[in-house]
Structures are given as C-alpha cells and as structure tokens.
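> give the three-dimensional model of this entry:
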Amino acid sequence: MQELKKKRRKRPKNELDRGAQKEQKNLTDITEEQLKVNIGIVRLGNMIKVIQIVMKVLLCMLAVLFSFLAILLHEAANWMLATWTNLSMEELVAQLKTPIQGTSHEVLGDFVETCIPAAVMAVFFVVLVIVMVRKTKITKWVVQIGAVAGSMALIVSSGQMVWNELDVGEYLENQDTISMFLQENYMDPALVPVTFPEQKRNLVYIFMESMESTYASTDVGGAFAENDIPEMTQLAMENVNFSTGDMLGGLIPSDGATWTMGAMVAQTSGLPLKVKLRAENIQEDVQVLPGATVLGDMLAAQGYKQVVMFGSEGEFAGRKQYFEGHGNYEVKDLLYAQQNGLIPPDYRVWWGYEDHKLYDFARREVTNLANSGQPFNFTMLTVDTHFEDGYVCDLCQDEHPGNQYANVMSCASRQVVDFVNWLKAQPFYENTTIVIVGDHLTMDSDFCLNIDPSYERTVYNAFINPAVMPVQTKNRQFTTMDMFPSTLASMGVTIQGERLGLGTNLFSAEPTLAEQYGIETIDEELVKESKFFDNFVSDIKVEGEE
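This next block holds a predicted model:
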C-alpha cells in the first residue's frame with residue numbers, strides 16, 4: 001500500500017514537469033514569433049526610412065538638375081534668338097542636321113559666357129534654399145517639389161517662346177502640305193540645252209559673308225547716312241549690278257537660302273536647301289543633293305578645273321560634301337592650310353584664319369589654275385564679316401568710331417576690290433568673269449536695327465567682265481536662285497529658254513519666277529512639302545506628287 005501511494009505521488013510531479021515544459025515551449029514559441037514580428041516591423045521601418053532618404057535625395061537631385069536645365073534652356077533660347085536675328089525654322093533644322101565642327105570658338109565662348117553662369121547660379125540658389133529650410137518649419141519636400149515644378153514651367157515657357165518666334169507650328173503644318181510649285185517650275189539643267197563658247201571663260205566666284213547692298217549710303221541706294229562699303233559700291237556701279245530698285249541694290253534671299261550653306265546651294269543649283277526633320281544627318285560620307293545637276297557638274301563636264309577655298313573648316317554645314325560631290329572640287333580650307341604649311345598647324349582665329357590671308361592664298365591658287373592650261377572655276381568664301389560684329393584684322397581701320405561691324409565691312413570692301421584689281425592686272429583676266437555676291441542678309445543683332453522699316457534690304461551682287469551685257473539691270477524682282485543661270489550667261493553660255501532650276505538668266509529679258517508669282521508666293525510654296533524634291537536628295541527617282 002505504501003509503495004502504491006508513493007507511485008501515486010510521483011505521477012503528478014512528472015505530469016507537472018511535462019506541463020511546465022509544454023508551457024515553456026509555448027512561451028518560447030510565442031516569444032520567437034513576437035521576435036520575428038518585431039524584427040519585421042523594425043526592418044519595415046528601416047526600409048521606409050531608406051525609401052524616404054532615397055526619395056529626398058532623388059527629389060533634391062531633380063530639383064537641382066531641373067533648375068540647371070531650366071535656366072540653361074531659357075538662357076540658350078534667348079541667346080539663340082538674339083544672336084540669329086533672322087533665324088528661321090528651316091535654318092535651325094539644317095544646322096542641327098549638318099556638321100557643326102569648325103564653329104567659331106568665339107561663338108561657342110559667347111554661348112558659354114552667356115548661358116552657363118546663370119544656370120550655375122540657379123543651382124547654387126536652389127541648394128542654398130534646401131539647406132536653409134532645415135532651420136525652419138517649412139518642409140524640404142515643399143521646396144524641392146516647388147523647384148521642380150517651377151523649373152518645368154520655365155522649360156515649357158522657353159519652349160513656347162521659341163515655338164512662337166520660329167513659327168514652329170506653321171513649319172510643321174507646311175511639312176504636311178504638298179506643293180506642286182517646284183515640280184511645275186523646275187527646269188532640269190541635265191535636260192535643258194546649253195551651249196558653251198568655243199573659248200571657255202574662266203570663273204572667279206566670291207561669296208562674301210553677310211554682304212548687303214544695304215551698307216551703302218542712301219544717296220546711291222543703300223540705307224545708311226555714311227557709306228560703309230564705298231569701294232564695293234563703286235565697283236558695282238561701274239560694272240553689272242542687278243537691283244530691285246533704280247539704284248544700287250541686290251537680290252532677295254529666297255526661302256531655303258537665308259544662311260550660308262543654303263545660299264551657296266541656291267546660287268549654284270537654282271534650288272532651295274530643304275532639310276527635313278526626318279531626314280538623315282549630313283555626315284562626311286553623305287552627299288548633298290546627289291540627284292541634282294548644279295554649276296559644278298556642268299563645268300566639270302566641260303573640262304573645268306575647280307577649286308573652292310574657305311578660311312574656315314570645309315566640313316561645317318556640309319560645304320565640303322556639296323562641292324566635292326558636284327564637280328569634284330579641290331577643297332582648300334583651314335585644315336588644308338594647316339597641313340600644307342600655309343599657316344602654323346595650331347593657328348586659329350575667329351572661324352579659322354583672316355580674310356587677308358585668304359586673298360593672299362587665292363592669288364597664288366588662281367595663278368596656278370591659270371597656268372594649268374585648263375579653263376578654271378575658282379570659288380571662295382570670306383568670313384571676317386560674320387556676325388556678331390565681325391573680326392577686326394590687322395588691316396582694319398577705325399573709320400567708324402564705336403562701330404566695329406562698320407569698320408569690318410569697310411575693311412572687307414577694300415580687300416575684295418584690291419583682289420579684283422589684282423585679277424584685272426593678270427594676263428588671264430580678259431577671258432575671266434568675276435562674280436561677287438553676298439550669301440545672305442546679316443544676322444547681326446543691331447547693325448540694321450535703326451534703318452527705315454520701309455527699306456527693302458537686299459544682298460550685294462556685281463558681275464565684272466561678263467561676256468554679255470544685260471537687257472535690264474534695275475527694277476527687277478529676283479532671288480538667290482536666279483544667280484545660277486545668270487552666272488553661266490555671264491560666262492558666255494547660251495541657255496535655251498533662259499531658265500535653269502528655279503532660276504532665270506537675269507541678263508535676258510525673260511521674267512523671273514519672282515516677277516511672275518511674287519516673292520511672297522515663292523516663299524509660301526517653297527516651305528511646303530515637295531516629294532519632287534526627293535529626286536535631288538537621292539539618286540532614286542520618284543514619280544509625281546499625286
């Protein structure tokens with residue numbers, strides 16, 4: 001019995017131990033579960049903190065970045081519109097699609113000096129405000145979001161300003177509007193019968209940067225009280241000068257020819273330079289208008305030796321590609337001069353080297369061409385008169401105190417006439433035609449700001465020693481494209497129908513397209529889409545525009 005009692009006393013103790021163990025286990029399980037929960041909460045809290053920190057950092061970076069971009073774009077838009085006073089959407093697209101290497105360091109420097117400091121100051125201000133609000137009750141979130149929102153608003157505002165100034169909406173609308181004008185009025189030089197004289201005449205063609213008839217004095221047809229180009233004025237009046245008025249004047253830049261590359265193409269092809277938004281960029285290996293027959297092609301077919309000379313880099317805007325692809329011109333630009341010892345390898349001022357060096361090299365080159373035994377075409381482009389304010393070389397004088405651009409124009413006038421006088425003294429001059437023409441109206445921001453609004457600004461032109469005399473030189477309506485057949489006519493070339501491309505021979509009595517339709521109508525049609533123009537962009541011919 002006693003043993004039985006002992007056994008009965010031990011069983012509850014064992015059960016108690018097992019219960020305690022079970023209870024302990026349950027407690028342990030609860031503790032571990034709670035620990036996991038607590039750890040999860042801590043981890044979630046840490047994650048939220050990290051996300052908050054990341055968001056704050058990202059928002060701060062966005063505030064700084066957007067502020068920088070907003071001010072930079074705003075300043076860049078203002079700088080662009082102020083620097084290129086006659087900028088069109090067509091020119092802007094062309095510049096974006098063509099090489100910009102060789103751009104003047106002064107232009108790039110002016111952009112940096114004008115636009116970058118303001119953008120940097122904006123960043124400094126935003127960072128300062130973000131740091132300072134830590135000491136106030138204003139949350140950094142509000143400041144940062146406000147900076148981003150304000151920046152986006154400024155970007156939109158700058159875009160709207162450019163949109164309105166360049167008539168982007170109208171430009172885009174024109175891209176979807178088909179015009180038959182080009183197709184209906186284009187005279188293909190490859191098909192028009194032309195006859196060169198038995199003794200082929202040489203051609204010296206001088207493109208002068210931004211040279212207007214406007215710079216002459218009012219008493220001879222200019223717009224200024226004082227004549228800034230007296231030598232060139234006399235040269236034009238003593239030779240052949242086509243004018244829209246009854247005194248000294250010039251041509252009206254057509255659409256697609258209001259900048260240098262566009263003007264060079266239009267004057268030598270009778271076509272506007274139409275660079276579409278969706279077109280491929282013009283690179284070193286892309287030919288410019290391969291499907292067009294232009295002046296260089298026609299002269300090359302007649303055995304002409306052709307050279308084009310720039311004081312700047314030929315790659316800029318696709319000029320080298322154009323001339324090499326049409327007539328196999330030898331391109332002698334800044335890089336050529338550096339590589340061939342004409343100037344030191346590292347020499348560069350303004351856009352390349354000065355015009356007075358260009359004229360010196362031109363004398364040497366023309367002499368070599370004349371001694372080659374072949375008829376020649378020597379083409380050159382000056383650059384000292386480029387906006388803004390031009391380049392003051394060692395030959396420039398202070399003839400117009402306080403007006404640098406006027407001094408540069410006067411210097412350019414003397415230099416080109418000195419070159420012409422040298423040409424006149426050469427044995428080959430008798431059989432040589434000289435054409436001097438501006439490329440476009442100046443884009444200088446203030447030089448022509450105060451002239452009479454009713455005055456029609458025109459581009460300078462002069463034909464020296466032409467093979468034929470014109471029927472009428474004054475009170476004509478004509479554009480850049482009329483220079484193409486007129487140049488050939490001045491060399492003694494007869495043109496059946498007196499028209500090539502969209503141009504008309506000004507030496508003839510044939511009315512120009514501008515005289516038939518009006519300048520405004522021509523420009524309105526040329527800005528529109530033309531599938532026919534695709535014939536010139538590639539060698540693959542397209543059918544009509546139906």
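> please enumerate the strands of the stretch 201-350 of the chain.
For the stretch 201-350 of the chain, the strands defined by DSSP state E, counting those that start in this stretch occupy 202-208, 250-251, 305-310, 330-332.
> spit out the contact partners of residue 369.
202, 305, 307, 376, 378 (Cβ atoms under 8 Å, 6 or more residues apart in numbering). Just so you know, the C-beta spots here come from the backbone N, C-alpha and C atoms, and that holds for glycine as well.
> give me phi/psi at it?
phi -60, psi -40 (degrees, to the nearest 10).
> what do you get for residue 389?
phi 70, psi -10.
> wait, it touches residue 442, no?
No - contact between residue 389 and residue 442 fails when scored by Cβ atoms under 8 Å: they sit 10.4 Å apart.
> tell me how many other residues crowd the nearest residue to residue 430 once chain neighbours are set aside.
Counting by Cβ to Cβ, 6 or more residues apart in numbering, residue 430 lies nearest to residue 465, which is 7.8 Å off, once chain neighbours are set aside. By other Cβ atoms under 10 Å, 20 other residues sit near residue 465.
> and residue 389 and residue 442? Which one has more around it.
Remark: of residue 389 and residue 442, residue 442 carries more neighbours, 25 against 18, as counted by other Cβ under 10 Å.
> mind checking how far the residue nearest to that one when sequence neighbours are not counted is from residue 444?
Leaving out its chain neighbours, the residue that sits closest to residue 442 by Cβ to Cβ, 6+ apart is residue 210, at 4.0 Å. Here residue 210 is placed at a distance of 7 Å from residue 444 (Cβ to Cβ, to the nearest Å).
> anything in contact with each of those two?
residue 387.
> who has more neighbours out of these two?
The neighbour count for residue 210 versus residue 444, taken as other Cβ under 10 Å, is higher for residue 210 (27 against 20).
> contacting residues for the more buried one?
Contacts of residue 210 (Cβ under 8 Å, 6+ apart): 385-387, 438-444.
> one more pass at 7 Å, please.
Going by Cβ atoms under 7 Å, 6 or more residues apart in numbering, residue 210 touches 385-387, 438, 440, 442-443.
> may I ask which of these has the most neighbours?
Result: residue 438 is most packed of the contacts of residue 210 (other Cβ under 10 Å), 28 neighbours.
> ok, now which ones touch it?
208, 210-212, 250, 459-460.
> most widely separated two among those?
Pairwise distances across the contacts of residue 438 (Cβ to Cβ) peak at 12.4 Å, for the pair 210 and 250.
> can you check the pLDDT for residue 168?
For residue 168, the pLDDT comes out at 73.
> span of stretch 501-514 from start to end?
14 Å (Cα to Cα, to the nearest Å).
> and that stretch, how far from the chain's centre?
Remark: stretch 501-514 is offset 29 Å from the chain centroid, using Cα atoms, centre = their mean, to the nearest Å.
> going by neighbour count, list what's buried in it.
501-508, 510, 512-514 (16 or more other Cβ atoms under 10 Å).
> let me know the closest of these to residue 148.
Of the buried residues of stretch 501-514, the one sitting nearest to residue 148 (Cβ to Cβ) turns out to be residue 502, at 50.2 Å.
> which of the buried residues of stretch 501-514 lies closest to residue 398?
Nearest member of the buried residues of stretch 501-514 to residue 398, counting by Cβ to Cβ, is residue 506, at 37.7 Å.
> dump the residue contacts of the closest residue to the closest one other than its chain neighbours.
Excluding the flanking residues, the one nearest residue 506 by Cβ to Cβ, 6+ apart is residue 486, at 4.3 Å. The contact partners of residue 486, taken as Cβ under 7 Å, 6+ apart, are 505-507.
> so where's the stretch 101-250 of the chain shaky on pLDDT?
The model of the stretch 101-250 of the chain has pLDDT under 70 over residues 101-102, 104-108, 122-127, 129-141, 143-144, 147, 154, 166.
> swap the cut-off to 90 and go again
101-177 (pLDDT under 90).
> now do the helices in it.
105-132, 140-165, 168-175, 181-185, 230-238 (DSSP state H, counting those that start in this stretch).
> highest mean neighbour count out of the ones you listed?
helix 230-238 (a mean of 20; mean count of other Cβ atoms under 10 Å).
> gap between that helix and the chain center?
31 Å.
> that helix packs against which elements?
helix 404-424, strand 459-464 (3 or more Cβ pairs under 7 Å, 6 or more residues apart in numbering; DSSP states H and E).
> turn the ones you listed into TSV, columns for mean neighbour count.
Listed next are the helices and strands packed on helix 230-238 as TSV, based on neighbours: other Cβ atoms under 10 Å:
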stretch	mean neighbour count
helix 404-424	21
strand 459-464	26
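> these into TSV, with extra columns for distance to residue 221 and mean pLDDT?
Shown next, in TSV, are the helices and strands packed on helix 230-238 (distance: least, Cβ to Cβ, whole Å; pLDDT from 0 to 100):
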stretch	distance to residue 221	mean pLDDT
helix 404-424	15	97
strand 459-464	11	98
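> now the ones you listed in TSV, with distance to residue 255?
Output for the helices and strands packed on helix 230-238, formatted as TSV (distance: least, Cβ to Cβ, whole Å):
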stretch	distance to residue 255
helix 404-424	26
strand 459-464	14
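> between these, which gets nearest to residue 88?
Using Cβ to Cβ, the nearest of these to residue 88 is strand 459-464, at 15.7 Å.
> in a helix, the residue nearest to residue 506, correct?
Yes - looking at residue 486 with DSSP: H, G, I helix; E, B strand; the rest coil, it is inside a helix.
> for the contacts of residue 438, which one is nearest residue 470?
The closest of the contacts of residue 438, once distances to residue 470 are taken by Cβ to Cβ, is residue 250, at 14.5 Å.
> residue contacts, the closest residue to that closest one other than its chain neighbours?
Nearest non-adjacent residue to residue 250, counting by Cβ to Cβ, 6+ apart: residue 458, 3.6 Å away. Counting by Cβ under 7 Å, 6+ apart, residue 458 touches 212-214, 244, 249-252.
> repeat the analysis, applying 10 Å as the threshold.
Counting by Cβ atoms under 10 Å, 6 or more residues apart in numbering, residue 458 makes contact with 212-214, 221-223, 242-245, 248-253, 438, 441, 478.
> now do residue 128
Counting by Cβ under 10 Å, 6+ apart, residue 128 has no contacts.
> for residue 438, see how far away residue 390 is.
14 Å.
> overlap in contacts, those two.
In contact with both residue 390 and residue 438: 209-210, using Cβ under 10 Å, 6+ apart.
> joint contacts of residue 389 and residue 442?
By Cβ under 10 Å, 6+ apart, the residues touching both residue 389 and residue 442 are residue 405.
> before we move on, back to that, give me the pLDDT value at the residue nearest to residue 430.
98.
> same question for residue 19.
pLDDT at residue 19 comes out at 60.
> likewise for residue 506?
98.
> picking up where we left off before, okay, the strands of the stretch 201-350 of the chain in JSON lines with mean neighbour count and distance to residue 324 next?
Output for the strands of the stretch 201-350 of the chain, formatted as JSON lines (neighbours: other Cβ atoms under 10 Å; distance: least, Cβ to Cβ, whole Å):
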{"stretch": "strand 202-208", "mean neighbour count": "23", "distance to residue 324": "16"}
{"stretch": "strand 250-251", "mean neighbour count": "29", "distance to residue 324": "26"}
{"stretch": "strand 305-310", "mean neighbour count": "23", "distance to residue 324": "9"}
{"stretch": "strand 330-332", "mean neighbour count": "18", "distance to residue 324": "6"}
